[in-house]
Every structure is written in structure tokens, then in C-alpha cells.
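Need coordinates for the below:
(one chain, ligands or ions: 1)
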Amino acid sequence: MDIHFDLKKSEGYKSLSQIARVLTEDWGRKNLYCVSCKRERLEPLRDNSQVYDYACGNCEEKYQLKSQRKPLGDKFVDSAYAPMIESIRTNKAPNLLLLHYDPVDYCAANLVVVPRFFLSTSCIEARNPLSLTARRAGWVGCNIVLKQLPPDGRIPIVHDRLAVKASEVRAKYGRFRFMMGEKSELRGWTADVLKAVRALGKKEFRLDDVYGFEGELERLHPLNAHIKPKIRQQLQLLRDRGVIKFKGNGLYKIS
Ligand SMILES: [Zn+2]
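Numbering: from 1, shown residues only. I've put the predicted structure just below:
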């Protein structure tokens, strides 16, 4: 992967946003690869579709590339709120490729993939509707709340201008591929409980440690009255999938 953009492609363009769009699209076509299979390149979708930007010609995984000139923070501005929620519920959301490019050197500084199976209503936030004087008055956009995802759901492809090995990226993606088969609500729980476990910051933990996140999980899932049983169910699922181990006497281990 070459992190540098091909500046020749921007000749003839004047506005900075157009230049950024042309350069990042061109860079994506030449450098993005499939994280779900071994395909070396992704194919750009040229149908002006608002949702998918690239697709894998082999396994058909879809990708959306979003870029910004500032470093990736807690939130990432995405498109319309309602279609995003609908695409998550119907399992049609694409994998998100979030690019922070350097607007001086014109290169990829950081690129993260959020696997589509980690997207749930917990990490999508509605923005304020556009004001009545705006061209699209009342339109509601959304933010992807990155800090709401466990680190497993934010996989670096480029980190501080260094490309991570593709095999490493694919292994991280593949580890949680089992979530693809789950319904969106259950996937959301898996991601949220995993995030709670990761937030403990230790390899070994107890059930009570995770129960400490009961309030936060209740806020994310207001319609569910049985938070503790849900936590136990998800820990069991993560054990069945080899992500955590039960050590006995209420002790768990995660790697
Ligand atoms: Zn593929």
C-alpha cells in the first residue's frame, strides 16, 4: 500500500473539497483491498449510489470510504440518519473505511475499518435537524460514535502513516465475522458487552466487573428490562466463539 496520493489527478480542479474527493477516490481505487477475503483491490461503484463506494469482486463485501482532513476523533459525521438505521436493521450497512488524510502532504495518515457487523444502533447518533432556513430544512444526519465501539470494531489499516500488514487486518476482521450471522439487536449487545469488557483494561475479570456497566447498557437498550441476564448471555456467546475463557469461580479471561 502506497500512502501517497497521486497529485496529477487533481490538475484542473480548484476547490479544496473537490481536490480532496478526486485524490481520495483515486487513492482508494489503487490501494484499498478487501479485508474479508484475499482480493488485492476493491472495485469502485460508479452508479452514484449514496451508500456503497467500493465492492469486492470476489466475496461481494461492500465498503464506504469517508475521509476527513482532521484526525479521527470520538465521532465521525456520516450521511442521513434514518437510512443508516434501516441499513443496520436489515443487515445491509457497508463496512466503513474512515480515512484521515494529511491536507499538506496529501497522503493517508490514518485509515480505520469499522466492520459492518460492529455497527448497531448503540453507535449511531442522530444530529440536530437542519434549520428551517437551510436548503434541506429538517434533514437529519447522523454521527458514527467511534468511542462507543470496542477497539475490536475499529481496525487500523494505516496507523500514523504506516500501513499495517494486510494479514493482520484480515485476521482481526475474521475474528468477529461470526457476528454477521446475528440479528442486528443481538450484534449490538455483543459489541456493547465486549466494549464493557475491554473498558476494564485487564485480561482477567469477574462477572461483577461487567455488571458495573449495567447503567450504561440500560441507557443504550432502554427497552430491555433484563440487563444482567443479557450480560451473562453475551459472555457465554463470546466464550462459545473463543473470544473469552471461563476460568472457574466466576473468573473470566480475554485475549
Ligand atoms: Zn472480498
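
how much space between the closest residue to S122 other than its chain neighbours and E185?
Using CB to CB, 6 or more residues apart in numbering and skipping residues adjacent in sequence, the residue nearest S122 is L220, 4.7 Å away. Heads up, the C-betas are built off the backbone N, CA and C, glycines and all. L220 sits 11 Å away from E185, going by CB to CB, to the nearest Å.

More neighbours: these two, which one.
The residue with more neighbours, out of L220 and E185, is L220; 19 against 14, by other CB atoms under 10 Å.

Could you measure from that one over to L149?
12 Å.

gap between stretch 109-118 and the chain center?
Mean-position distance between stretch 109-118 and its chain equals 4 Å (CA atoms, centre = their mean, to the nearest Å).

Likewise for stretch 113-124?
5 Å.

Quick one: end-to-end distance for that stretch.
End-to-end distance for stretch 113-124: 16 Å, by CA to CA, to the nearest Å.

Next, the buried residues of it.
Buried residues in stretch 113-124, counted by 16 or more other CB atoms under 10 Å: 113-120, 122-124.

how near is N110 to R219?
Using CB to CB, N110 is found at 29 Å from R219.

Between those two, tell me which one has more neighbours.
Shown here are N110 and R219; by other CB under 10 Å, N110 has more neighbours (19 against 9).

For the more buried one, what is the enclosing helix or strand?
Assigned by DSSP states H and E, N110 belongs to strand 107-114.

ok, residues contacting the following helix or strand past that strand?
Toward the C-terminal end, the helix or strand that comes next after strand 107-114 (DSSP H and E) is strand 124-126. Contacts with strand 124-126, where a contact means CB atoms under 8 Å, 6 or more residues apart in numbering, come from 75, 78, 81, 84-85, 88, 140-145.

Now which of those residues would you call buried?
The neighbour count (16+ other CB under 10 Å) marks 75, 78, 81, 84-85, 88, 141-144 as buried among those.
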